[in-house]
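Asks: pasting the structure only:
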Ligand SMILES: Nc1nc2c(c(=O)[nH]1)N[C@H]1C(S)=C(S)[C@@H](COP(=O)(O)O)O[C@H]1N2
Ligand SMILES: [Mo]
């Protein structure tokens with residue numbers, strides 16, 4: 001069979017090399033066809049495993065972090081495997097497909113990095129890459145993540161409470177909201193350059209919280225998961241995690257946090273205000289205009305058929321945040 005690719009019986013090193021390249025390309029195409037044929041989740045996860053054998057050293061560039069575990073704020077539900085947390089992602093700057101971020105963010109440069117906290121504060125703060133990892137003691141928090149698309153994961157994040165950072169900046173009395181912004185680098189982020197890759201949303205990606213939401217102890221700035229620094233596809237070197245809100249509030253690769261007195265614009269609200277509100281609290285009783293939010297697909301071990309469908313809980317099960325919204329009509333402020 002291999003004879004087809006070897007023009008003569010004289011074996012030259014170059015020909016043998018070419019044959020092995022050809023073979024691995026065929027394998028690559030086969031695996032890609034497999035992705036297409038079997039659907040997004042199980043296919044992409046398995047294809048990713050195949051790619052990782054070759055690319056792990058370049059790709060994952062994660063390093064172990066020191067941390068303590070927080071019993072108080074963690075769930076003991078079955079955790080989503082590392083392979084799935086890091087291969088099934090939403091990060092539109094790198095493409096709208098679930099496996100695009102892991103593939104296209106491979107070489108994303110996270111060091112050096114600058115995170116600025118400014119706006120209505122008495123003490124603007126600028127953190128570099130090492131400050132981001134070392135300024136505050138890191139805790140492991142095992143949180144549920146509920147995407148507005150009705151799938152969910154359980155992820156052991158490493159990070160620190162956002163209130164640490166806000167207190168350091170010393171907010172002025174007039175500050176009522178916190179605005180967040182993702183890095184805006186069209187050179188590194190193909191979705192920003194090309195609307196067909198980036199889904200045509202406006203960049204940079206922006207998000208916001210009310211100041212009291214930002215100060216809540218559940219609100220985390222995450223710098224890692226599963227004991228190591230974040231892979232780029234999960235928002236390295238630092239991203240927000242707000243576990244009682246839909247995943248899109250948990251903005252990735254943050255460069256700027258600005259205290260303000262006005263409700264800040266948010267990416268998905270700007271795109272479709274009737275579908276995505278500013279608050280975006282997980283709520284099984286308020287359907288998305290195009291699908292129900294009453295249940296979710298919990299991503300754990302195994303392929304598509306081993307995923308379980310579970311009931312979605314109000315505030316994603318974090319009912320301790322309910323007092324933040326007392327007196328508010330959550331069907332109006334969705
Ligand atoms: N900058 C930026 N942040 C983002 C997104 C994005 O496209 N760009 N997607 C959001 C959505 S919809 C979800 S569900 C979570 C997914 O986080 P994960 O890939 O780490 O699970 O990231 C959120 N943060
Ligand atoms: Mo999401």
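Replies: Nice, thanks for sending it over. The shown structure was predicted, so the numbers you read here are calculated from the model rather than taken from an experiment. Ligands and ions are numbered 1, 2, ... in the order given.
Asks: now the protein against ligand 1: closest residue?
Replies: Of all residues in the chain, residue 247 sits closest to ligand 1, at 2.5 Å by C-beta to the nearest ligand atom. Bear in mind the C-beta positions are built from the backbone N, C-alpha and C, glycine included.
Asks: my guess is that residue contacts residue 89. True?
Replies: No. Checked against C-beta atoms under 8 Å, the pair residue 247 and residue 89 is beyond contact range at 10.0 Å.
Asks: need the overlap of contacts for the two.
Replies: The contact sets of residue 247 and residue 89 do not overlap (C-beta atoms under 8 Å, 6 or more residues apart in numbering).
Asks: which of these two has more residues huddled nearby?
Replies: Shown here are residue 247 and residue 89; by other C-beta atoms under 10 Å, residue 89 has more neighbours (23 against 20).
Asks: what residues are up against the residue of the chain closest to ligand 1?
Replies: Contact analysis of residue 247 by C-beta under 8 Å, 6+ apart lists 90, 145-148.
Asks: if you set the cut-off to 10 Å instead, what comes out?
Replies: Contact analysis of residue 247 by C-beta atoms under 10 Å, 6 or more residues apart in numbering lists 90, 145-149, 151-153, 241, 280, 282, 316.
Asks: if I look at it, how far off is residue 290?
Replies: Per C-beta to C-beta, to the nearest Å, residue 247 is found 17 Å from residue 290.
Asks: need the residues of the stretch 1-150 of the chain near ligand 1, please.
Replies: Contacts of the stretch 1-150 of the chain with ligand 1, taken as C-beta under 6 Å from any ligand atom, map to 89-93, 145, 147.
Asks: of the residues you listed, list those near ligand 2.
Replies: Checking these against ligand 2 by C-beta under 5 Å from the ion, the ones in range are 90, 147.
Asks: which of the residues of the stretch 1-150 of the chain next to ligand 1 fall within strands?
Replies: Members of these lying in strands (criterion: DSSP state E): residue 145.
Asks: and the two most separated of the residues of the stretch 1-150 of the chain next to ligand 1?
Replies: Greatest spatial distance among those (C-beta to C-beta): 93 and 145, at 18.6 Å.
Asks: now the contacts of residue 247: which count as buried?
Replies: Buried subset of the contacts of residue 247 (neighbour count, 16 or more other C-beta atoms under 10 Å): 90, 145-148, 151-153, 241, 280, 282, 316.
Asks: closest one of the residues you listed to residue 165?
Replies: Comparing these against residue 165 with C-beta to C-beta places residue 241 closest, at 13.4 Å.
Asks: next, give phi and psi for the residue of the stretch 151-300 of the chain at minimum distance from ligand 2.
Replies: Going by C-beta to the ion, ligand 2 is nearest to residue 247 of the stretch 151-300 of the chain, at 3.4 Å. Phi and psi for residue 247, reported as degrees, to the nearest 10, are phi -50, psi -30.
Asks: and the helices in the stretch 1-150 of the chain?
Replies: With DSSP state H, counting those that start in this stretch as the criterion, the stretch 1-150 of the chain has helices at 13-38, 40-59, 82-85, 100-104, 129-134.
Asks: so which bits of the third one are buried?
Replies: Neighbour-count burial for helix 82-85, counted by 16+ other C-beta under 10 Å, picks out 84-85.
Asks: now it: average pLDDT?
Replies: Helix 82-85 shows an average pLDDT of 97 in the prediction.
Asks: same check on the longest one?
Replies: Helix 13-38 comes out with an average pLDDT of 33.
Asks: how about stretch 180-188?
Replies: Mean pLDDT, stretch 180-188: 98.
Asks: nearest to residue 80, of the contacts of residue 247?
Replies: For the contacts of residue 247, the nearest to residue 80 is residue 153 (3.9 Å; C-beta to C-beta).
Asks: up against ligand 1, what does the stretch 151-300 of the chain have?
Replies: Checking the stretch 151-300 of the chain against ligand 1 by C-beta under 6 Å from any ligand atom, the hits are 182, 205, 234-235, 247-248, 250-253.
Asks: got the contacts of residue 247 as TSV, with pLDDT and distance to residue 297 columns?
Replies: As requested, those are exported to TSV (pLDDT from 0 to 100; distance: C-beta to C-beta, whole Å):
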residue	pLDDT	distance to residue 297
90	98	14
145	98	12
146	98	10
147	98	9
148	98	13
149	97	9
151	97	5
152	98	7
153	98	10
241	99	20
280	98	19
282	98	14
316	98	14
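Asks: so residue 200 belongs to a helix, correct?
Replies: No. According to DSSP: H, G, I helix; E, B strand; the rest coil, residue 200 belongs to no helix; its state is coil.
Asks: specify which member of the residues of the stretch 151-300 of the chain next to ligand 1 is nearest to residue 66.
Replies: Nearest to residue 66 among these, counting by C-beta to C-beta, is residue 234 at 19.2 Å.
Asks: in this structure the closest one contacts residue 102, no?
Replies: Yes. Residue 234 is within contact range of residue 102, at 9.2 Å (criterion: C-beta atoms under 10 Å).
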